[in-house]
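**Student:** sharing a model prediction with you, sequence too.
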Amino acid sequence: MTKSDDRGLSDLDRRLLAMLREDSRQPVTKLAGDLGLSRANVYARLSRLEEEGVIGGYTVRLGDPYDRRLIRAQVMIKALLKHGKTIEESLAAIPELSALHAISGEYDLIAVVEAETVGELNALIDRIGEIEGIERTTSSILLATKVLR
Amino acid sequence: MSLQRIDTGPGFLGVAADAGHHDTLLRAHVMLRLARCDMAEAERALAEIAGLTALHQISGDYDLVAVVEAPHAEALDALVSRIARQRGVSAAMTSRLRPSVSRSRARAFASATPAPR
């Protein structure tokens, strides 16, 4: 099997990646057939790409209608320092939390949460406010994204 | 689960930051209050700033959230003050992202990044 070239990848690697980016759940048999390779070759290629960190993981892409339906809010959190660790753990356990950043300034953390309804969002924000050690939160619903680049 | 392992959410900080790349850029999150009459114009002017990677309209005390990135602290300070001085911006609250804890390795969350404009 060929190693990655200086630019990182061989043409076949690139084609394989392109196919996976279209649909990462394609069976290896199909990938191998389309590329004209053996299944063993594709398996080896995949594990090499994973080892080299070219493939960082396989994920789910939410459909636009679902993604657009989600209401997102940023919750700025002022935390008591001594509870920092447990707060992070409690927040991380919330599945609706899509991001958490430590910040410096007036607040200590910014969490981005997603919910399907305003009611759910409300419950979610309440849940965050109830976590021990959180002094106060300020929430803003993301109304529109003007720039993202 | 430690904070390092929580990934940047999709479509919030900007394309590069949301992808969770290990870059060396510093980032700040700036909440902005706008003078009502200048809103559209201020948004357009902000969108032209090169270091700005995300701009969201929000509900609440502030009107907009901008995310800016720069290679070093002085450049970040300059960007933040440029934004705060922008015509139509009446108040700004800046939070610097603490890089050691904002960065993360793999994406833990399913996501779809909205198309950049």
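**Tutor:** Perfect, I can see it now.
**Student:** and for residue 32, the neighbour number?
**Tutor:** In the absence of a named chain, this looks at chain A. Using other C-beta atoms under 10 Å in any protein chain shown, A:Ala32 is surrounded by 18 other residues. (Each C-beta comes from the backbone N, C-alpha and C, glycine too.)
**Student:** you looked at the wrong chain, it should be chain B
**Tutor:** Neighbour count for B:Leu32, taken as other C-beta under 10 Å: 24.
**Student:** one more: the one 5 residues further on?
**Tutor:** When neighbours are defined as other C-beta under 10 Å, B:Cys37 has 9 of them.
**Student:** ramachandran angles for it?
**Tutor:** With angles defined as degrees, to the nearest 10, B:Cys37 sits at phi -70, psi -20.
**Student:** residues contacting the closest residue in space to it that isn't next to it in sequence?
**Tutor:** Nearest non-adjacent residue to B:Cys37, counting by C-beta to C-beta, 6 or more residues apart in numbering or on different chains: B:Gly88, 7.9 Å away. Residues near B:Gly88 by C-beta atoms under 8 Å, 6 or more residues apart in numbering or on different chains: B:Leu34, B:Ala35, B:Cys37, B:Asp38, B:Met39, B:Glu41, B:Ala42, B:Ala45.
**Student:** try B:Arg96
**Tutor:** If a contact means C-beta under 8 Å, 6+ apart, then B:Arg96 has A:Ile103, A:Ser104, A:Gly105, B:Leu26, B:Arg27, B:Ala28, B:His29, B:Leu76 as its contacts.
**Student:** give me the neighbour count for the fourth one.
**Tutor:** A total of 21 residues lie near B:Leu26 under the criterion other C-beta under 10 Å.
**Student:** and which of the contacts of B:Arg96 is nearest A:Asp23?
**Tutor:** A:Asp23 lies nearest to B:Arg27 out of the contacts of B:Arg96, by C-beta to C-beta, at 32.8 Å.
**Student:** what's the pLDDT at the closest one?
**Tutor:** Note on B:Arg27: pLDDT of 91.
**Student:** got it, and A:Ser38?
**Tutor:** pLDDT, A:Ser38: 94.
**Student:** give the closest residue to it in space, chain neighbours not counted.
**Tutor:** Counting by C-beta to C-beta, 6+ apart, the residue nearest A:Ser38 is A:Ala32, at 6.1 Å.
**Student:** returning to that earlier point: just give me the closest of the contacts of B:Arg96 to A:Gly36.
**Tutor:** Minimum distance to A:Gly36 across the contacts of B:Arg96 is 44.5 Å, recorded for B:Arg27 (C-beta to C-beta).
**Student:** tell me how chain A divides into domains.
**Tutor:** Domain ranges of chain A: A:11-51, A:64-142, per automatic domain parsing.
**Student:** tell me which of the contacts of B:Gly88 has the lowest pLDDT.
**Tutor:** Lowest pLDDT of the contacts of B:Gly88: B:Cys37, 70.
**Student:** hang on, the earlier thing: which of the domains of chain A is buried the deepest?
**Tutor:** Neighbour counts (mean count of other C-beta atoms under 10 Å in any protein chain shown) averaged over each of these peak at domain A:64-142, with a mean of 17.
**Student:** pLDDT below threshold where in the chain?
**Tutor:** All of this refers to chain A. Within chain A, the stretches with pLDDT under 70 are A:1-8, A:62-68.
**Student:** nope, chain B
**Tutor:** B:1-10, B:19-23, B:99-117.
**Student:** the same query, at a cut-off of 90, please.
**Tutor:** Scanning chain B for pLDDT under 90 picks out B:1-26, B:35-44, B:47, B:50-51, B:60-61, B:71, B:86-88, B:97-117.
**Student:** now do the helices in it.
**Tutor:** B:15-18, B:39-47, B:73-85, B:99-102 (DSSP state H).
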